[in-house]
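Visitor: Starting from these lines, generate the structure:
(chains A, B, C and D)
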There are 2 protein chains.
Amino acid sequence: MTIGEAAAATGLPAKTIRYYEAEGLVTPLRGPNGYRRYRDSDVAKLAFVARARALGFTLDDCRALLALWTDRGRTSAEVKRIAAQHLDAIAARIASLQGMQAQLRHLVAACAGDDRPDCPILDSLAPCEPPPAR
Amino acid sequence: MTIGEAAAATGLPAKTIRYYEAEGLVTPLRGPNGYRRYRDSDVAKLAFVARARALGFTLDDCRALLALWTDRGRTSAEVKRIAAQHLDAIAARIASLQGMQAQLRHLVAACAGDDRPDCPILDSLAPCEPPPAR
DNA sequence: CTTGACCTTCCAGCCGGGGGAAACCCTATG
DNA sequence: CATAGGGTTTCCCCCGGCTGGAAGGTCAAG
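Guide: Below you'll find the model as predicted:
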């Protein structure tokens, strides 16, 4: 399996697959011509990483999850800890974005959006009354 | 006003203020010793950008908003368009994160988190049944 | 033989900064 | 006057997670 075929099989761009290799996630064999040769297990790992990335895990998380996946002596507690931490991080990011969203929604609703210059959005961003007239 | 004072006044790190200058957002004067000298209007712009960043606007957006702020001939429609677009982007990011959150929450809830290796989280990430035993 | 598709490596850039080196400036103190 | 300390300057590299492009090697088809 060449990198192009692995890319087609996983839906990942070939560039990304090479990047994952540089990051030590998946190390294919090499053919006599220097081309990368992906075993089924390599492709499985790539697909694993692709799914983990789709859930927002960092590449560091992916490395750890991949190691746990291939580790017969793992405990589900280790896996759960990583996932729970990531879940917290996601919740924090959502909360932060929702804060921005609430403020912005207010401002956008209050803005006339016509051809006059008065704008509550700019008023809210402006630290003090007079904008620099320059 | 030196950069350190401007930093204290705006809450922005001095490094960030220099970066904003490199990005063309705020251009201070220079004293005879080569030090940056921030006018009140510069500090106001920095504070403006700080608030816009806190609402998640990109630096490109900040540049545009800053230009509109100092433009007497602006229309609130222009401002609203930028803000509304950003609002859409925020909503999209929230939706994406919430999708991850829902899936992950499911998986985390289903994972025993004990010392056994069976784990629905890994099962969900694994593309096919057998993990590479290597 | 040539063409085109694929593969290889390397280098650079995106965003929004952060870390740190080496050098300069200013003030205060001994 | 020397020096110690704090601030400031420029410079370049680093982060994550890729993405684009250049320059060259390989392979199968026409």
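Visitor: didn't A:M1 look like it was pressed against A:Y38?
Guide: Yes: taking contact to mean Cβ atoms under 8 Å, the distance of 4.1 Å between A:M1 and A:Y38 places them in contact. All C-beta atoms are positioned from the backbone trio N, CA, C, and that covers glycine.
Visitor: Residue of chain A nearest DNA strand C, please.
Guide: In chain A, the residue that lies nearest DNA strand C is A:G4 (2.5 Å; Cβ to the nearest atom of the strand).
Visitor: confidence score at that residue?
Guide: Model confidence at A:G4, given as pLDDT, is 97.
Visitor: if we can go back for a sec, compare A:M1 and A:Y38 (neighbour count), which wins?
Guide: Under the neighbour definition other Cβ atoms under 10 Å in any protein chain shown, A:M1 and A:Y38 were set side by side, and A:Y38 has more, 24 against 17.
Visitor: Could you pull up the contacting residues of the residue nearest the centre of chain A?
Guide: Ranked by distance to the mean C-alpha position of chain A (Cα atoms, centre = their mean), the top residue is A:G56 at 4.5 Å. Applying Cβ atoms under 8 Å, 6 or more residues apart in numbering or on different chains, one finds that A:G56 lies in contact with A:H86, A:I90, B:L97, B:M100, B:L104.
Visitor: Just flag the most distant two among those residues.
Guide: When these are compared pair by pair using Cβ to Cβ, the farthest-apart members prove to be A:H86 and B:L97, with a separation of 11.2 Å.
Visitor: Have a look at the two and say which one is more surrounded.
Guide: For A:H86 and B:L97, the more surrounded residue by other Cβ under 10 Å is A:H86, and the numbers stand at 21 against 18.
Visitor: and the gap between the residue nearest to the centre of chain A and B:Q98?
Guide: Counting by Cβ to Cβ, to the nearest Å, the gap from A:G56 to B:Q98 is 11 Å.
Visitor: overlap in contacts of the two?
Guide: Shared contacts of A:G56 and B:Q98, defined by Cβ under 8 Å, 6+ apart, are absent.
Visitor: Can you give me the neighbour number for the closest residue in space to A:L55 that isn't next to it in sequence?
Guide: Among residues not flanking A:L55 along the chain, B:M100 sits closest, at 5.1 Å (Cβ to Cβ, 6 or more residues apart in numbering or on different chains). Neighbours of B:M100 under the rule other Cβ under 10 Å: 18.
Visitor: and B:M100, what is it in contact with?
Guide: Contacts for B:M100 (Cβ under 8 Å, 6+ apart) come out as A:A54, A:L55, A:G56, A:I90.
Visitor: mind giving me the domain ranges of chain A?
Guide: Domain assignment for chain A by automatic domain parsing gives A:1-56, A:75-127.
Visitor: quick one on the thing from earlier: what about the residue nearest to the centre of chain A, helix or strand, and which?
Guide: Element membership of A:G56 [criterion: DSSP states H and E] is none; it lies in no helix or strand.
Visitor: Show me which residues of chain A are close to DNA strand D?
Guide: A:P13, A:K15, A:T16, A:Y19, A:P32, A:N33, A:G34, A:R53, A:T58, A:L59, A:D60 (Cβ under 7 Å from any atom of the strand).
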